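> fold the following for me, if possible:
(chains A and B)
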Amino acid sequence: MSAQRTSRTLLLLTLVLQILPGNFVTNQQDDSELHFLPLSCNQTTNEQVKVDFSSEIVDHEYIVTFNGYYQRDTRERYLTAALRDFNASWSVVDRHNPAFDYPSDFDVLQVSTEALTNLDILKHHPVIKDVTPHKKVTRTLKFIDDTLTEDVDQPYDTLSSISKSRNRKSLSLATAYWHSPARKSRNLLRAIPKQITSALQAEILWNMGYKGSGVRVAVFDTGLAEDHPHFKPGRIKDRTNWTHEKTLDDGLGHGTFVAGVIASHKECLGFAPDADVYVFRVFTNNQVSYTSWFLDAFNYAIMKKINVLNLSIGGPDFMDHPFVDKVWELTANKVILVSAIGNDGPLYGTLNNPADQMDVIGVGGINFDNQIAKFSSRGMTTWELPGGYGRMKPDIVTHGSTVRGSALKGGCRSLSGTSVASPVVAGAVTLLLSSVLDRFDVINPASMKQALIASARRLPDSNVNMFEQGHGKLDLVRAYQTLRTYKPQASLSPSYIDLTECPYMWPYCSQPIYYGAMPIIVNITILNGMGVSGKIVGKPQWEPYQPQHGSYVDVAFSYSRTLWPWSGYIAVSIAVDKMAAKWEGVAQGQVSLTVESPPEGDETEARVSHLKLPIRVKIIPTPPRSQRILWDQYHNLRYPPGYFPRDNLRMKNDPLDWNGDHIHTNFKDMYQHLREAGYFVEVLGAPFTCFDASHYSTLLMVDSEEEYFPEEVSKLQRDIDSGLSLIVIADWYNVSVMKKVRFYDENTRQWWMPDTGGANIPALNDLIAPLGMAFSDSVYEGEFMLGEHDMQYASGTSIAKFPKEGVIVTKPLKDQGHEVVSGDTLNAQDVPVLGLHQTPGGGGRVALYGDSNCLDNSHMKKDCFWLLSALLEYTSHNMLAPVFEDQELVTLPPIKQLPERMEGNHLHRYSKVIEGHMGTPRARPLPPCPSLVWAKPNPLNITAPSNLYQPQKLLSVNNFDINHVPLLSLPQENMADMESEMKELPVKEPEESESRHSHKHEVDRNTFFPALAFLGTALVILFMLNQYYKRRSKPRRKRPRAQKYSNLMYGRTYKSPSV
Amino acid sequence: MLRIRAFRRRWFLALFAFIFVLFLLIRSLEQVHIPTSGAYDVEHTLLRQPFQWHPRLSDVETANITTCRNSVQGSQLIVDERGYVCSRGDLTSGGCCEGTASQYNCSSCKANGCCMFYEHCVSCCLHPEKQPLLEKVLKEARQIYDKLIVSASDQFELCLAKCRTSSKSVQHENSYRDPHAKHCYGESPPDLQMALT
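From the prediction side, this is the model:
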């Protein structure tokens, strides 16, 4: 009876609008941008025009758009009618241009100053579509020398609008919303190759005679039509349907596109046209799917001995045990699983399951300019929180932006999304597998993954870190060379730990380590190509390099007991030895471990692999207490498994708090800001009883959902008395609102009731009660000025109780709780949002603030990092920022009752602190603090190179150099073909965009066409009959039947519940 | 303009109803023509293939077999087609479990035919005594066109397929009905265990 939720979404192929070269399109959301345009088409000159463009709003002028084209007089009549009740003067600005005589759909309206706010009345008029402020656009043109910019074949400009869907079916709200792409600076996009296969040089393998034959590849998606023209006859071996819809065909185009990228042989080519394609329909046309469908379909895939399986799907629920177990079972049966990492970027902590599993190849997306796609989900995995640290994912990246593939009814379309990138890899893997069929016994999910990541190339843009690009971009030809000579072995991902390598090793490189800090944990994945099951022999050894101060580093390990299936982890905890408490420098060493798997076939000896993991760290002297901050991770809870609702109630399309609430996921920017401000941030993954408060100036608690042990409450009180400061950034909590945001989850077929609000205020109040403080259960939102900063308060709480001596900041806000519950707006004056207090007797300082949205990247509108800095100035350095000075003394009204926990909540199911006991939750026994056993060092007299990164090398048979594996040389004209294809601009673009539009509506047509056709026919018949009848006879009597008529036509209207 | 009166005519309503019925008919006919979850396959191809029951062999005969299919996937345990369960290290080069292994091991299985370990489930399912039970399972699978079970060509394949967790093993989609006995060879799904509150 767990209230868990499976949501596995189709990682949407996102439609991308392409604009012809030379078209200049401004991005509406950015006010200022730089664009580069080719000056001439033949590219003989080295000059370009740089268009610098800025816009400003023109006062008192508005553009009024109509829903059609009207003559000038008509428009003026409409405006007069619309502004009948408008008592200020207005006029229409004359536009003297050649379009003057023709109908237009807009007017520029000039109004006098005082009437600004009333303009909304315009929108009530039926033909007026919108009113927007008039903008003045200034553009300047500059010529720049092209040789200064990057070497680009033919620059051209695109504007891509990426739609993103999370398929939260259970919330009856629109799921797609639109993002503009990140355009940090100038941006030259490479020509988009006509064929995705040429971008990866699949021709080289094709010309060697490999086209995927003999490999069984499964596509788990929305199905595929039986006779799609892009597939060779007889290549679609099997189509099965596992959904409740009785069809095998694709109604969406997603499955067709994915299958096409893998195995199409016409128009837009796929990688392995000769492979045997098995189509599994596991998604309905409405993008619904259930875990149980997947379980049965996966079983069938095992039975059919599938070699490669593409899953362009994903969901946040990695605690869906039946599904995760089944994925393990699948790879254990030698099925190579390729899955899309998710379309939830650029936010961190947004990896999707199953792509985030160690045994699965998780694929992220890049564009053709080798930049990471904005939509591609970023690491780290959040399985290991709060005690551990996430693994590195995605594994590799490949083209996932504006890739051309098969459209639903033949022809091609261009799509984006990680669900495009995933079949690119799946197709490449299929092709690779067919090229090494003679070595089939050494190919398994681990060895394929090892070959892909060892041959991947890091992106040229050095600003992309490992949680974005993984091991880099797929290189098909090098992967082939690697596989050709592959010898069964184990390997590590990442293959080294260099805490000084920035920015690839972000976030590790962002903060040096020092004595007394919470240990840094690096979670390394072990891939074992020797066998499905294996183990680490003995214990991993820590071997510090004597000449490079390795002995200043302490290392502890935790690792999987069995490496199954094909993989396991070794988490390396790194700390500084006491000897180096005042030392500064770089220390190096290595971890060595031995992995063993049972013998296979005729072998008599166990298979053994010796692995080395080089480590390099930067050590600094321990910073002073005032600069050290402790981030409380232990009391942050997230989905899965519990329903912890969003922190901003306006964000209805993303109901869950699922990014981990870690400083390296959705609080990444806040962390970066604190680092820039000179603070050292450490993470506490254990109860408050497990840290030494004398090391830290401030304990930072943001958006906590967990309960507190009684021991923690008293320990924190003692710590504050002896000088520790505390910052609590809370969030909304209100039982009525919580009941209102419950929803029916179609996936688990259960009602979902949140277990806390945005934060767990009753628990927080228990924690800060000894300080004489408490939060309320009111929910407020609004905007205000604090000092000279704009602040956005998005669903926050207020302070209910505060010591008299404290400083309190009050602001007028809107009562959002009242609005959610009853529907009408209520303004609230003097809401206490912020409180600062110096505890008596020289103890620490406490700062409370009621809303966390301005620190959290998830739904951030306006950041308030400056406020956090100001609070830290106060708590850590005892400096009251000027903005808090001269605050009026506020006496809070006495409160009758503090917020209480919701009756019957299920927090105890997900809590580490409380447990259910005869219906009433009670505290669990306090767990022991984690204690690390430092590995005994075995010093080595070695000096390691200063750069640890080398393209990973796998052992090969006969000491073959993989770069010298003979490749059948490509015939010259073929190369030329490829070149020209690479360079050719998509000239047919207009035509294409048209076909794309038609496909966009394909879905609707499939569902509604019969109904529409029927309705249309009925109406035509009706009309004709009526005409006929009218001519024949005169009405005998008149009786109002309008009521019945409308009932007949429209049926009864049902009110849908709104949340 | 449309006159309301027109709608009141009997012939008109009849026409309206007729079109509607026609529409419904076409829709339902359309659905009939679509092959439903492989029913055609099951009826026309899969059911014709012969099914091989696990042979009753004497110990000597069993010992003479040197190459076996096995369950491939396990992290520790593995079961071969003769029904022997052993640890991975004890596999012969032919994929068979060596002599010390136990045959028809039902040690983690409950009375309802559900076991804790997949390998025990397969091993137990291969017991010749289970044949009548499996015949019932097969018969039922043919009735509901269960493509997975029907695809099995002998008892080992049937047991491999039947013992896997499936849509019958879960409640609320994302949790097991019984996390401690989720692999079933019998007809019934695992007993529903109420989550502890």
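
> what residue is smack in the middle of chain A?
By C-alpha atoms, centre = their mean, chain A has its centre lying nearest to A:Asp344, at 2.5 Å.

> I'd guessed that residue sits against A:Gly364; true?
No - in this structure A:Asp344 lies outside contact range of A:Gly364 using C-beta atoms under 8 Å: 11.3 Å. To be clear about C-beta, it is placed using only N, CA and C from the backbone, and glycine gets the same treatment.

> find the residues that touch each one of the two.
The contact sets of A:Asp344 and A:Gly364 overlap at A:Ser377 (C-beta atoms under 8 Å, 6 or more residues apart in numbering or on different chains).

> tell me where chain B has helices.
Chain-ordered helices for chain B, with DSSP state H as the definition, fall at B:10-33, B:39-44, B:59-64, B:118-125, B:131-143, B:147-150, B:155-163.

> and the ones you listed: which comes nearest A:Ala332?
Among the helices of chain B, helix B:118-125 comes nearest to A:Ala332, with 10.2 Å by C-beta to C-beta.

> what does the closest one contact?
B:71, B:73-74, B:77-79, B:83-85, B:102-109, B:114-115, B:130, B:134, B:155-156, B:158-160, B:162-164, B:183-185.

> please name the nearest non-neighbouring residue to the residue nearest to the centre of chain A.
Nearest non-adjacent residue to A:Asp344, counting by C-beta to C-beta, 6 or more residues apart in numbering or on different chains: A:Thr350, 3.5 Å away.

> wait, doesn't the one you found sit right on A:Gly342?
Yes - between A:Thr350 and A:Gly342 there is a contact under C-beta under 8 Å: 5.7 Å.

> intersection of neighbour lists for the two?
Common contact partners of A:Thr350 and A:Gly342 (C-beta under 8 Å, 6+ apart): A:Ser377.

> out of these two, which sits in the busier spot?
The neighbour comparison of A:Thr350 against A:Gly342 (other C-beta atoms under 10 Å in any protein chain shown) goes to A:Gly342, with 31 against 25.

> what's the weakest-modelled helix or strand in chain B?
Between all helices and strands in chain B, the lowest mean by mean pLDDT, DSSP states H and E belongs to helix B:39-44, at a mean of 64.

> mind checking which of the contacts of helix B:118-125 land in strands?
Counting by DSSP state E, the part of the contacts of helix B:118-125 found in strands is B:Leu77, B:Ile78, B:Val79, B:Tyr84, B:Val85, B:Ser102, B:Gln103, B:Cys114, B:Cys115, B:His183, B:Cys184.

> got a winner among the residues you listed for most neighbours?
Neighbour-wise, the ones in strands among the contacts of helix B:118-125 (other C-beta under 10 Å) top out at B:Val79, 32 neighbours.

> how close does the closest residue to it other than its chain neighbours sit to A:Asn333?
Nearest residue to B:Val79 in three dimensions, chain neighbours excluded: B:Glu119, at 4.3 Å (C-beta to C-beta, 6+ apart). Computed with C-beta to C-beta, to the nearest Å, the distance linking B:Glu119 and A:Asn333 is 14 Å.

> the two: who's more crowded?
Between B:Glu119 and A:Asn333, counted using other C-beta under 10 Å, the more crowded position is B:Glu119 (25 against 21).

> sorry, back to before: export the ones in strands among the contacts of helix B:118-125 to TSV and tack on distance to A:Glu873 and pLDDT?
Formatted as TSV, the ones in strands among the contacts of helix B:118-125 follow (distance: C-beta to C-beta, whole Å; pLDDT from 0 to 100):
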residue	distance to A:Glu873	pLDDT
B:Leu77	61	93
B:Ile78	63	94
B:Val79	66	94
B:Tyr84	71	92
B:Val85	66	94
B:Ser102	70	87
B:Gln103	74	89
B:Cys114	62	95
B:Cys115	63	95
B:His183	60	96
B:Cys184	63	95
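
> per-residue pLDDT, B:Phe23?
B:Phe23 is assigned 85 on the pLDDT scale.

> now the residue nearest to A:Ile361 when sequence neighbours are not counted, which residues is it bridged with?
Nearest residue to A:Ile361 in three dimensions, chain neighbours excluded: A:Val338, at 4.7 Å (C-beta to C-beta, 6+ apart). Beta-bridge partners of A:Val338, counted by DSSP bridges, are A:Asn310, A:Ile361.

> in contact with A:Val338, which residues?
Counting by C-beta under 8 Å, 6+ apart, A:Val338 touches A:Val308, A:Leu309, A:Asn310, A:Leu311, A:Val360, A:Ile361, A:Val363, A:Ser422, A:Pro423, A:Val425, A:Ala426, A:Val429.

> the strands in the stretch 201-350 of chain A, which residues?
Under the criterion DSSP state E, counting those that start in this stretch, the stretch 201-350 of chain A carries strands at the ranges A:216-221, A:236-241, A:276-281, A:308-311, A:313-314, A:336-340.

> which of these has the lowest average pLDDT?
Minimum mean pLDDT among the strands of the stretch 201-350 of chain A: strand A:313-314, a mean of 90.

> and it, how far out from the chain middle?
13 Å (C-alpha atoms, centre = their mean, to the nearest Å).

> paired strands for it, with orientation please.
strand A:9-10 (antiparallel).

> ok, back up a step: turn the contacts of A:Val338 into JSON lines, including neighbour count.
JSON lines is the format used below for those (neighbours: other C-beta atoms under 10 Å in any protein chain shown):
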{"residue": "A:Val308", "neighbour count": "31"}
{"residue": "A:Leu309", "neighbour count": "27"}
{"residue": "A:Asn310", "neighbour count": "31"}
{"residue": "A:Leu311", "neighbour count": "30"}
{"residue": "A:Val360", "neighbour count": "26"}
{"residue": "A:Ile361", "neighbour count": "28"}
{"residue": "A:Val363", "neighbour count": "32"}
{"residue": "A:Ser422", "neighbour count": "31"}
{"residue": "A:Pro423", "neighbour count": "33"}
{"residue": "A:Val425", "neighbour count": "31"}
{"residue": "A:Ala426", "neighbour count": "32"}
{"residue": "A:Val429", "neighbour count": "33"}
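
> can you tell me which two in these are farthest apart?
Using C-beta to C-beta, the contacts of A:Val338 span at most 14.5 Å, a distance reached by A:Val360 and A:Pro423.

> ok, A:Cys929 - contacts?
A:Cys929 is in contact with A:Ala686, A:Pro687, A:Thr689, A:Cys690, counting by C-beta under 8 Å, 6+ apart.

> can you map out the helices along the stretch 451-600 of chain A?
In the stretch 451-600 of chain A, the helices defined using DSSP state H, counting those that start in this stretch lie at A:466-469, A:476-484.

> and the last one, what other elements does it pack with?
The criterion is 3 or more C-beta pairs under 8 Å, 6 or more residues apart in numbering or on different chains; DSSP states H and E, and the helices and strands that helix A:476-484 contacts are helix A:202-207, helix A:418-435, helix A:445-455.

> so which of these comes closest to B:Ala63?
Of all these, helix A:445-455 comes closest under C-beta to C-beta, at 34.1 Å.
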